[in-house]
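[1] How does the following fold in three dimensions:
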Amino acid sequence: MKKGILVLLVISVFLLNLQLVLPLGISPAIQYVDFQPGLELEYSFKVYAGSEQTIEVYSEGEFSELVKFDKKELKGGGGFSVKIKLPQEIEIPGKHVLLIGAREKIDAAAGSIGTSVVVRAPIFIQVPYPGKYAEISLSTNNANVGEPVKFEVSVASMGKEPILATTNIEIYSEK
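    Residues are numbered from 1 along each chain as shown. Next comes the predicted model:
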């Protein structure tokens, strides 16, 4: 009996110290940009949060040191802007990811047990490859024997030099 009361007391203390987890969202969710030396980017973000939530905004990942915020903290959601000035040169070609995030601030002094909700919106920065470089994809639909088949070829020039692409699909039969 005493053991049951002790367990009930421990559970009660634990439940009283839990913080309510509220939803958190950020918009726009994804941005894409082609690299240009010294390009200055400016984005406006909207954070959706509960009225009592204190939200901290931050940057993470590649180029995070280049991000300037107009606000570092929001109460109950709201909007904020970021400015990013890209460097004159990026040595590594390909896709680079910069994350703009919003996280719920937790009062550590309260001594309670809880969780912090975090959302991040990626900004993909595509740095061109030297020379000619293409990324190619081929897709098709399912079809039964004798039905027409549609093929779709996508060619994306990812290099500094332009390309001209033509396609030709030949289908061979074992017969």
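[2] Roughly how far does the spatially closest residue to residue 90 that is not a sequence neighbour sit from residue 33?
    Nearest residue to residue 90, sequence neighbours excluded (C-beta to C-beta, 6 or more residues apart in numbering): residue 127, at 4.7 Å. For the C-beta atoms, the positions are set from N, CA and C on the backbone; glycine is no exception. For residue 127, the distance to residue 33 equals 10 Å [C-beta to C-beta, to the nearest Å].
[3] got a list of what the residue nearest in space to the middle of the chain touches?
    Nearest to the geometric centre of the chain sits residue 122, at 3.0 Å (C-alpha atoms, centre = their mean). Residues near residue 122 by C-beta atoms under 8 Å, 6 or more residues apart in numbering: 30, 31, 97, 98, 99, 100.
[4] nearest spatial neighbour of residue 72, skipping sequence neighbours?
    Excluding the flanking residues, the one nearest residue 72 by C-beta to C-beta, 6+ apart is residue 57, at 6.1 Å.
[5] burial of that neighbour, as a residue count?
    Residues near residue 57, counting by other C-beta atoms under 10 Å, number 20.
[6] pLDDT of stretch 105-123, averaged?
    If you average the pLDDT over stretch 105-123, you get 76.
[7] To clarify, my last question referred to stretch 39-54.
    Averaging pLDDT along stretch 39-54 yields 90.
[8] Repeat that for stretch 133-143.
    Average pLDDT, stretch 133-143: 91.
[9] Please work out which residues outside that stretch touch it.
    Under the criterion C-beta under 8 Å, 6+ apart, residues 93, 149-159, 163, 165 lie in contact with stretch 133-143.
[10] any idea how far the helix or strand harbouring residue 83 is from the chain center?
    Element membership for residue 83 (DSSP states H and E) is strand 78-85. Distance of strand 78-85 from its chain centroid, counting by C-alpha atoms, centre = their mean, to the nearest Å, is 15 Å.
[11] which SSE is residue 153 in?
    According to DSSP H and E, residue 153 maps onto strand 151-157.
[12] From residue 34, how far off is the closest residue in space to residue 28 that isn't next to it in sequence?
    Leaving aside its chain neighbours, residue 28 sits nearest to residue 121 (6.6 Å; criterion: C-beta to C-beta, 6+ apart). In this view, residue 121 and residue 34 are 18 Å apart by C-beta to C-beta.
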